[in-house]
Every structure is written in structure tokens, then in C-alpha cells.
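*Asks:* sequence first, predicted model second:
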Amino acid sequence: MTVYQATASAPVNIACIKYWGKRDTKLILPTNSSLSVTLDQDHLRSTTTSRADPSFEKDRLWLNGEEDEIKEGGRLATCIKEVKSLRRQLEEKDASLPKISGYPVHISSHNNFPTAAGLASSASGFAALVASLAALYQLPTDASRLSLIARQGSGSACRSLFGGFVAWQMGEKADGSDSYAVQVAPREHWPDVHALICVVNDEKKGTSSTSGMQRTVETSALLQHRIAHVVPERMRAISDAIKARDFDAFARITMQDSNQFHAVCLDTDPPIFYMNDVSRAIIALIVEYNRVALANSGKLKAAYTYDAGPNAVIYAPKENIKEIVELIVKYFPQAQAFKDPFALFSGKDVQGKVVDGFNEAVAKPFAVGAVKGLIHTRVGDGPRTLGAEEALLGQDGFPL
Ligand code: DP6
């Protein structure tokens with residue numbers, strides 16, 4: 001008997017121009033376009049196996065081994081339904097295709113990074129879900145077409161259908177058919193863009209992106225200014241910076257847009273705070289590091305950006321990452337050794353230090369654990385279809 005099963009992995013993406021606000025909450029249509037860098041799946045990824053089988057009772061999904069309810073009309077159900085309907089269209093056109101679109105599916109998904117790290121897993125998770133179902137159903141892989149479906153799982157997920165530098169075009173149509181992701185440049189165009197994720201300790205559960213952005217849409221006057229007068233020009237300028245591999249311009253726009261995103265959160269009623277003292281101290285360090293760089297070379301050497309939480313993501317050309325790790329470690333001593341995937345420190349322990357001319361008074365050193373981990377990664381590729389040896393479902397069709 002043929003087993004209809006496929007496994008795919010998908011990357012995390014971190015936006016430089018932030019998506020914040022929906023004009024349609026059901027279809028997940030944004031109030032502005034956004035742009036992100038896809039991070040390397042060698043370090044951060046979601047992996048998903050999907051199987052269609054007539055003996056299954058119903059569609060079921062497990063996340064890191066725990067079953068997640070597929071609520072009728074919910075985001076998961078919508079994504080599964082949409083991919084099945086693309087398969088059904090193929091089956092209707094080509095009678096030789098096995099009619100598997102009507103079978104229930106079992107889906108098992110796993111993140112290789114701890115959810116507790118506070119890293120957004122919904123983007124890579126929904127992208128891997130859609131990519132694995134598309135592989136299962138052998139859909140012609142048009143990533144923009146698939147991004148329309150992933151978007152309905154979580155807005156930012158549509159950008160994880162591509163590698164490299166990715167724009168989500170907001171579109172105008174009420175049905176959302178023109179609100180999808182496109183690649184601005186593949187990772188091979190600018191592989192020198194690396195990222196250092198500073199995982200900031202965070203005990204309390206903050207406001208979710210979904211509810212936070214809706215409150216911003218309803219109450220923030222600044223958001224309306226951002227949508228109409230700021231983002232369109234920034235989208236153009238950062239796309240040009242990426243095409244020209246102009247890190248200075250890329251960094252300037254990325255930091256401005258992170259700042260404005262957190263400003264519209266503050267402008268929300270009641271206000272939303274995602275950054276904490278540690279986040280702000282990291283901003284002060286990067287600002288000072290860039291001040292020294294500007295004085296020496298006239299160009300910025302790093303860019304910070306923050307999503308709906310306190311973690312910092314620092315983008316920088318690879319050659320600067322060593323100095324940045326030393327800088328962060330100087331102010332945020334680490335309990336664990338730096339996992340050094342690019343062998344910047346050739347097996348030696350990281351010694352905290354600052355570059356010549358750095359004003360050490362811009363921040364106070366924190367206690368061990370304030371930044372509980374550092375992840376060095378870089379721009380990466382889009383979803384990958386994996387072999388049967390990586391499957392997350394056993395022969396019986398249940399999670400391994
Ligand atoms: C701050 O994509 O998580 O990370 O569409 O409601 O699922 P939903 O929201 P989500 O929002 C991400 C917001 C952000 C900015 C970004 O990734 O562009």
C-alpha cells in the first residue's frame with residue numbers, strides 16, 4: 001500500500017520593516033507591507049511531517065509531541081483546508097492522480113529551538129506546515145502562491161516561504177489574493193548578513209502580537225501616520241539598500257523601523273511595552289558601537305531590531321560579529337559558553353571587551369542570566385523538502 005507522506009522544514013524570519021496591524025483579521029490582511037531577513041535553518045527551524053490516509057478518523061496535529069486542537073474555522077483548519085482545495089483542483093484536472101485530497105491528515109511538527117526561548121515559532125511553524133502539505137500533495141511549488149495560505153495561519157509566516165530577503169506586499173484587494181510574499185533577493189546575493197540573537201530573560205507573558213496589533217489599529221493615531229507616510233518609502237529604500245548591498249542604509253532603516261514599531265505600541269491605549277531594561281541597554285550598546293564606527297569609517301556596523309518581546313536581534317556583516325559578541329558578553333555575562341557555529345573564537349572562551357574609543361558608561365553591567373543565551377546565525381534559504389529518514393510520524397501514522 002502506498003504511504004502518502006512528506007516532510008519539510010521552514011525557517012524563522014525577523015522583520016526589518018515590521019508588520020503591525022490588520023485590515024482584515026480573518027484573512028490576515030495587513031495595514032502595511034513588511035520586509036524580513038530569513039534566518040538559516042541550520043540553526044533555527046520548524047520541521048513538519050504530514051500524512052494523508054483514509055484510515056485516519058480526522059485531521060490531527062501534534063506540536064513538539066503534544067496534540068494541538070484543530071478548531072473549526074481556526075487558523076490551522078483554514079491552512080489545511082486551503083492546501084487540500086489546491087490538491088482537489090489538480091485531481092479534478094488530472095484523473096490519473098490518486099484522490100488523496102479527501103483523506104484526513106496527521107501532522108507532526110517540531111521546533112529545534114525551545115519555545116521558552118521566546119523566539120517566534122508561529123512563522124516557521126505555519127510555513128513548515130504549508131510546505132509539508134504542498135510536498136505531500138505534490139503541488140507545483142510557487143512559493144508566492146503558498147505564502148497566501150501561510151499568511152492565513154500567521155501573517156509573518158508568509159515571509160518564511162522564501163529564503164534571503166523577503167517582502168510581504170500588503171495588496172489592496174478585499175479577498176487578499178494580492179497580499180503575498182515575494183523575494184527581494186536570494187541569500188546568495190548578500191550572504192555576508194549575519195545575525196546575533198540575544199535571548200533576554202522574560203518571566204511574564206506579554207501581550208500577544210495578534211491582540212496587541214488590533215488594539216494599536218483601534219487606538220493609535222501614530223499608526224495611521226506610519227501606514228500612510230512612513231512605510232511605503234522605507235520599503236523602497238530598504239529594497240534598494242539590499243540590492244546595492246549597502247549595509248549602512250539597511251542598518252539605519254532597520255533600527256528606525258524597530259523604534260517606530262515600539263513607538264506605535266507605546267501610542268496604543270492602554271500602552272504596550274515589549275522592550276525591557278535589558279533590551280534598552282542593548283540598544284545603548286549598539287548605538288555607542290555605531291557612534292565609534294561612524295567616527296572611524298563613516299559607516300554603521302550593526303543594526304538592532306525587536307519584535308513583540310524583549311529579545312534583541314542584531315544584524316551585522318560577518319566580520320563584525322566577533323566584536324559584537326565580546327561587547328554583549330562584557331555587559332551581560334553568560335552562564336553558558338558561547339556556541340560558536342562559525343568558529344569566531346577558535347575554541348577559546350569569549351572575553352568581554354569593548355572596541356577602542358567606546359564610552360563604557362553608556363550602560364551598566366548586568367548580572368549573569370539577564371541575557372540567557374546568544375545565537376549566532378545568518379541569512380538562510382527557504383523551506384526544504386526532507387527525506388523519509390527525517391519523518392516525525394511513525395509507521396502507524398502517529399508522532400514518533
Ligand atoms: C512584531 O505574524 O505573529 O513580529 O498575524 O496575528 O499571527 P499574526 O501576527 P504575527 O505578528 C508578527 C509581528 C512582528 C513583526 C513582523 O514579524 O513583521
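*Replies:* Yep, it's here.

*Asks:* element containing residue 47, please.
*Replies:* Applying DSSP states H and E as the criterion places residue 47 in strand 45-52.

*Asks:* and if you look at residue 16?
*Replies:* Applying DSSP H and E, one finds residue 16 within strand 13-17.

*Asks:* quick one: average confidence on stretch 363-378?
*Replies:* Averaged across stretch 363-378, pLDDT comes to 97.

*Asks:* cool, and stretch 288-302?
*Replies:* 98.

*Asks:* quick one: contacts of it?
*Replies:* 247-248, 251-252, 286, 314-317, 320, 323-324, 327, 355-359, 362 (Cβ atoms under 8 Å, 6 or more residues apart in numbering). C-beta coordinates here come from the backbone N, C-alpha and C atoms, glycine included.

*Asks:* looking at those, which are in strands?
*Replies:* Taking DSSP state E as the definition of strands, the contacts of stretch 288-302 contribute 314-317.

*Asks:* from the residues you listed, which two are the most distant?
*Replies:* 314 and 317 (11.4 Å; Cβ to Cβ).

*Asks:* out of these two, which sits in the busier spot?
*Replies:* Taking other Cβ atoms under 10 Å, residue 314 and residue 317 do not tie; residue 314 has more neighbours (26 against 15).

*Asks:* my guess is the more buried one meets residue 325, correct?
*Replies:* No - Residue 314 is not in contact with residue 325 according to Cβ atoms under 8 Å; the separation is 9.6 Å.

*Asks:* any residues in contact with both of the two?
*Replies:* Going by Cβ under 8 Å, 6+ apart, residues that sit against residue 314 and also against residue 325 are residue 196.

*Asks:* how about the helices in the stretch 51-200 of the chain?
*Replies:* Shown for the stretch 51-200 of the chain, the helices assigned by DSSP state H, counting those that start in this stretch span residues 75-93, 122-136, 143-150.

*Asks:* any idea how the chain splits into domains?
*Replies:* The chain breaks down into these domains under automatic domain parsing: 4-186+386-390, 193-378.

*Asks:* what does residue 378 show for phi and psi?
*Replies:* Here is the backbone geometry of residue 378 (degrees, to the nearest 10): phi -160, psi 180.

*Asks:* what's near enough to touch it?
*Replies:* 39-40, 191, 193-195, 318, 342.

*Asks:* same check on residue 75?
*Replies:* 126, 152-154.

*Asks:* average pLDDT across the strand holding residue 16?
*Replies:* Taken as a whole, strand 13-17 has a mean pLDDT of 98.

*Asks:* could you give the angle of that strand to helix 122-136?
*Replies:* Strand 13-17 runs at 120 degrees relative to helix 122-136, counting by axes from the mean of the first three to the mean of the last three Cα atoms, to 10 degrees.

*Asks:* which other residues reach strand 13-17?
*Replies:* Outside strand 13-17, the residues that touch it by Cβ under 8 Å, 6+ apart are 32-39, 123-124, 156, 159-160, 166, 195, 231, 234-235, 238, 250, 253-254, 257, 303, 305, 307, 313, 315.

*Asks:* strand partners of it, parallel vs antiparallel please.
*Replies:* strand 34-38 (antiparallel) (DSSP bridges).

*Asks:* ok, what's across the strand from residue 15?
*Replies:* Beta-bridge pairing for residue 15 (DSSP bridges): residue 36.

*Asks:* near it, how many other residues are there?
*Replies:* Neighbours of residue 15 (other Cβ under 10 Å): 24.

*Asks:* from residue 231, how far off is it?
*Replies:* Residue 15 sits 11 Å away from residue 231, going by Cβ to Cβ, to the nearest Å.

*Asks:* and if you look at residue 134?
*Replies:* 30 Å.

*Asks:* neighbour count: the two, which is higher?
*Replies:* residue 134 (27 against 23).

*Asks:* quick one: that one and residue 83 touch, right?
*Replies:* Yes - the criterion here is Cβ under 8 Å, and residue 134 meets it with residue 83 at 6.3 Å.

*Asks:* how about the residues of the chain by the ligand?
*Replies:* Residues of the chain that fall close to the ligand, judged by Cβ under 6 Å from any ligand atom: 15, 18-20, 28, 34, 120, 122, 154-156, 209-210, 307-308.

*Asks:* run the last query once more with 8 Å
*Replies:* 13-15, 17-20, 22, 28, 30, 34, 36, 75, 120, 122-123, 151, 153-157, 159, 168, 208-210, 213, 261, 307-308 (Cβ under 8 Å from any ligand atom).

*Asks:* residue 210: how many residues sit nearby?
*Replies:* For residue 210, using other Cβ under 10 Å, the count is 15.

*Asks:* per-residue pLDDT, it?
*Replies:* For residue 210, the model assigns a pLDDT of 95.

*Asks:* pretty sure residue 41 contacts residue 113?
*Replies:* No - with contact defined as Cβ under 8 Å, residue 41 does not reach residue 113; the gap is 11.0 Å.

*Asks:* residue 197 against residue 372, yeah?
*Replies:* No - contact criterion Cβ under 8 Å: residue 197 and residue 372 do not qualify, at 11.3 Å.
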